[in-house]
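*Asks:* take a look and give me a structure for this.
(chains A and B)
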Amino acid sequence: MSRLSKLTMGAALVVSLAAVTWCATGLLAAPSAVPDASEVIKRMDENLSFRSVYYEASLETILGGRTNTKTMRAWVEGDSRALVEFTNQRDAGTAILKIGEDLWLFSPTADEAVKLSGPLLRQSMMGSDLSFEEALESKSILELYDARVVDDEVVDGRRCYVLELVAREGAEVSYHRRKVWVDCERYISLLEESYSPSGKLLRRSRTEEVQKFGQRYYPTSVVVEDATRKGSSTRFVVEKIVFDEPIPAHTFTMERLTGRL
Amino acid sequence: MSYLVKMAWRNLGRHRGRTMLSLLAIVMGVFVVVIAKGVIDGMVGSWLTYSINLDSGHVRIVQPEYRLKERVLSLSYPVGNDETPADEIIDKIRSLPGVRVAAGRIRFGMMLTAQETQEAVVGIGVDFAQEERAIRLSQFVRGHSATGDASDDAGRLPEPGTRQILLGRDLMAKLGVEVGDRVNALFSTSFGSLRIATFRVSGKMASGLRMLDESTAYIPLDVAMRLLDMDGSVTEIVVFGKSAGLASKLQAQIGRALRGLAVVPWNEHNELIGFLSKAEAIYTVIYVFLVILASFVVFNTQLMVVSERTHEIGMLSALGLSPESVRRLFTIEGAILAVTGSAGGALLGGVFNLWFGRVGIDLTGITQAMSSEMLLTPRLYPVADYRVLLYSFVLGMAVTMTAVYIPARAAGALEPTEALRVV
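*Replies:* Reported below is the predicted structural model:
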């Protein structure tokens, strides 16, 4: 999955790992008439870009009528470093570290951290409807997709630009076509649908809550539904978030990941 | 009657070459049937035994929905919960008459990593003490492998409560680990969390089965429950009764005791096993066809004999031999061929099966090309059982006697006056 999906997810590893990539995405400003898609994306990016961020959040997954909630705290710096620590009882001690293009996972039941690569990156990220691979994507959405504003519609009582993204020739993307409803005033994605080449809806994400932090708007509650799995959804809720505060240097280290610091 | 036997015996000696040809045809036909049946019985028997022991048990208990999601090793449909733990269900099953072993298993997907190498395997959490009473995993660890290889430093089965793991030799070779080394396992818990655990390799399996040696890892059931967040739950319970033949009875019995769970007998475990267990009729048709081919020689020879001896038959009839006796005479000649040929073929086939039943037939090339899910060992051991010989002997007799009936009837039906005119 790519940038816009991450935008809709709202935060960092669904959450922190992805946040960085969103920032790079950049969309555009909204003119009064039909705005340019790249301008809309740039304006969205301004909301989601940060030098660093710390947040505490919960991840609620529902599958087959079974609900599971994980809590976490995360530190993200720039577009290449992130650390997520899970704090709920079952997953306490489990942590994920992203450094550049590498992703490391650690559990207290292991002697060492394991680098995730190959098929492991396609695993569901902690039971969510996102994979690690999606969280790691870092290419700009405009590099991967041809974007254009096709309409404007009202979503949850707010006027939105409807962006259509179609994968560029040869681009390696998770979804061939995507539709994104971007709030015309706040430049936050309120709704996104992802489709297969045959036009089948694969995923839908909806922003439930947006908060203002200083000059930026930021999604603090996002629900993602896998349209191919009946009754499957993931809700990501940011409980606390702090932008652009300095992060201790040792945060993004293997010692911190494995709890040996 | 005895004079007819003497005449028949003498007649067979009149054209020894032709008699030997008929005999050889029957011998070869029965010989091939003995080998085919020995090989097929050996293959199917081995396959079913491994399938029952490693997969299905005599009866397997799962959630009905689990059968649909089994291929993806779902942990979302466990047997047992906080209210009724799996142990309670297993104890209840064990208390039923006819139940020899009942054990919980957890099947899950995991990725093993060691020295920069990753291998996807099926992880199975098992109660080793219970499983030993039925499937004896230790036979693959202690150097008594189906391949006949002796395993040095093969280690032992994992101990309950410890993060020890039992791996196949081929998997260990790929990972570059030996007994005593550590491997990291990545897997998703029943709550969808990706988790890592480090295990020490306690033993090396050398079963000859690709599924076990390449892509299966066993860990203690209690450890699997804890790591996968499945306390009190298993993905399946396997039950072994007194014999596989009594699985239906066991199924009915357990079905009455447990409500809401799917109780699946071994022959309904999957389509292939279901087919194999019902394919006896197809094999029988093949065996009969083989003997019929051989009997064509006898049929043709006997027809030729009747034709050649028409004048003689007329003479015998004129001297007072009844048509019934003429028919019997030719039937006895056929019966001697049938008994001798079938016995010879069965004996030769028995020797073949006995020999290869000990040393095995090398199928390495075939098993390597087949899916690892096919539970075939690289050495096939034909069944050298007296029942195979008896079956083949009786089949050879029956088909040959049927083949000689028509010429014998034709001989008995000859009119003496017309027969005497034939030169």
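*Asks:* and chain B, which of its residues are near chain A?
*Replies:* For chain B, the contact set with chain A under C-beta under 8 Å from any C-beta of the partner chain comprises B:76, B:111, B:113, B:118, B:120, B:163, B:182, B:184, B:186, B:188-189, B:191-198, B:227, B:229. From N, CA and C alone the C-beta is placed, and that goes for glycine too.
*Asks:* now the residues you listed: which count as buried?
*Replies:* Neighbour-count burial (16 or more other C-beta atoms under 10 Å in any protein chain shown) applied to the residues of chain B next to chain A gives B:76, B:111, B:113, B:118, B:163, B:184, B:186, B:188-189, B:191-198, B:227, B:229.
*Asks:* so which of the residues you listed belong to strands?
*Replies:* Secondary structure from DSSP state E places B:111, B:113, B:118, B:184, B:186, B:188, B:194, B:195, B:196, B:197, B:198 of those in strands.
*Asks:* find the nearest non-adjacent residue to the second one, please.
*Replies:* Spelled out, it's residue B:113. residue B:184 (4.7 Å; C-beta to C-beta, 6 or more residues apart in numbering or on different chains).
*Asks:* so what's the one you found up against?
*Replies:* For residue B:184, the contacting residues are A:110, A:111, A:112, A:114, B:112, B:113, B:114, B:196, B:197, B:198, B:199, by C-beta atoms under 8 Å, 6 or more residues apart in numbering or on different chains.
*Asks:* what do you get if the cut-off is 6 Å, keeping everything else the same?
*Replies:* Residue B:184 makes contact with A:110, A:114, B:113, B:196, B:198 under the criterion C-beta atoms under 6 Å, 6 or more residues apart in numbering or on different chains.
*Asks:* now residue A:258
*Replies:* Taking C-beta under 6 Å, 6+ apart, we find residue A:258 in contact with A:106, A:113.
*Asks:* next one, pLDDT for it please.
*Replies:* Looking at residue A:258, its pLDDT stands at 91.
*Asks:* same deal with residue B:308?
*Replies:* 80.
*Asks:* separation between it and chain A?
*Replies:* 76 Å (C-beta to the nearest C-beta, to the nearest Å).
*Asks:* ok, how many other residues are close to that residue?
*Replies:* A count of nearby residues for residue B:308, using other C-beta atoms under 10 Å in any protein chain shown, gives 14.
*Asks:* which residues of the chain fall in strands?
*Replies:* In the absence of a named chain, chain A is used. Under DSSP E, chain A gives strands at A:52-63, A:66-77, A:81-86, A:95-99, A:102-106, A:114-116, A:145-155, A:158-167, A:177-183, A:189-195, A:201-213, A:216-226, A:233-243.
*Asks:* I was thinking of chain B, sorry if that wasn't clear
*Replies:* Counting by DSSP E, the strands of chain B are B:59-62, B:101-114, B:117-126, B:164-168, B:182-188, B:194-205, B:216-220, B:236-240, B:262-265, B:361-362, B:379-380.
*Asks:* pairing partners for the third one, with directions?
*Replies:* Spelled out, it's strand B:117-126. Strand pairing for strand B:117-126, determined by DSSP bridges: strand B:101-114 (antiparallel), strand B:216-220 (parallel).
*Asks:* and if you look at the last one?
*Replies:* Next to strand B:379-380 in the sheet, as set by DSSP bridges, lie strand B:361-362 (antiparallel).
*Asks:* mean confidence for the partner strand?
*Replies:* 86.
*Asks:* what's across from residue B:165 in the sheet?
*Replies:* residue B:201.
*Asks:* what's the neighbour count on it?
*Replies:* 26.
*Asks:* now do the contacts for it.
*Replies:* Counting by C-beta under 6 Å, 6+ apart, residue B:165 makes contact with B:199, B:201, B:217, B:219.
*Asks:* isn't the last one up against residue B:126?
*Replies:* No: with contact defined as C-beta atoms under 6 Å, residue B:219 does not reach residue B:126; the gap is 7.8 Å.
*Asks:* figure out which of the strands of chain B is closest to residue B:408.
*Replies:* Nearest to residue B:408, of all these, is strand B:361-362, at 40.2 Å by C-beta to C-beta.
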